[in-house]
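*Asks:* got a sequence here, can you build the structure:
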Amino acid sequence: MADAGVTILAGSDAANWGTIHGYSLHRELLNLVEAGLSPWQALAASTTDAGAFLGRSFGVQPGDEANLVVLSASPIEDIRNTQQISMVIQHGRVIDRDTLEIPGFASSDVLSD
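*Replies:* The predicted structure is shown next:
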């Protein structure tokens, strides 16, 4: 479909039973790359292309929502590096992930394959 020019979008589908926020999106990006998309295409499917579809502008330009995930390793080299999260910025503010309280989940817990 991507070769035919169809815009591919990614999303966590977290409202579905057994689908975990975040983790499922990382798996979807991996699946897209394994299906033949480049890492750039997979990332666009979950960021700029998804934002454009929703009529929203994500990024760092004036007027953008400034929702960013800063990684410690390049997802272009390995799409699994989307899990190497250094910082989360929401609406231009750094989120302190260590102080987030999620019932039944410790911030030190790590999901892995």
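*Asks:* look at residue 18 and report its pLDDT.
*Replies:* At residue 18, the pLDDT value in this model is 74.
*Asks:* what's the answer for residue 70, then?
*Replies:* What the model reports for residue 70 is a pLDDT of 93.
*Asks:* so who does residue 95 touch?
*Replies:* Residues near residue 95 by Cβ atoms under 8 Å, 6 or more residues apart in numbering: 87, 88, 89. For every residue, glycine as well, the C-beta is placed using N, CA and C.
*Asks:* these two touch, right, residue 28 and residue 8?
*Replies:* No. Under the contact definition of Cβ atoms under 8 Å, residue 28 does not touch residue 8, with a separation of 10.4 Å.
*Asks:* so what's in contact with those two at the same time?
*Replies:* By Cβ under 8 Å, 6+ apart, no residue touches both residue 28 and residue 8.
*Asks:* top strand in this structure by residue count?
*Replies:* Of all the elements of type strand in the chain, the one with the most residues (DSSP state E) is strand 85-90.
*Asks:* which element follows that strand toward the C-terminus?
*Replies:* Under the assignment DSSP states H and E, the closest C-terminal helix or strand after strand 85-90 is strand 93-95.
*Asks:* show me what that following strand pairs with in its sheet, parallel or antiparallel.
*Replies:* Here the strand partners of strand 93-95, with direction, are listed using DSSP bridges: strand 85-90 (antiparallel).
*Asks:* what's the offset of stretch 7-17 from the middle of its chain?
*Replies:* On the basis of Cα atoms, centre = their mean, to the nearest Å, stretch 7-17 sits 11 Å off its chain's mean C-alpha point.
*Asks:* outside of that stretch, which residues touch it?
*Replies:* With Cβ under 8 Å, 6+ apart as the contact definition, stretch 7-17 has outside contacts at 1-2, 19-22, 24-25, 28-29, 32, 37, 41-42, 45-46, 49-50, 53.
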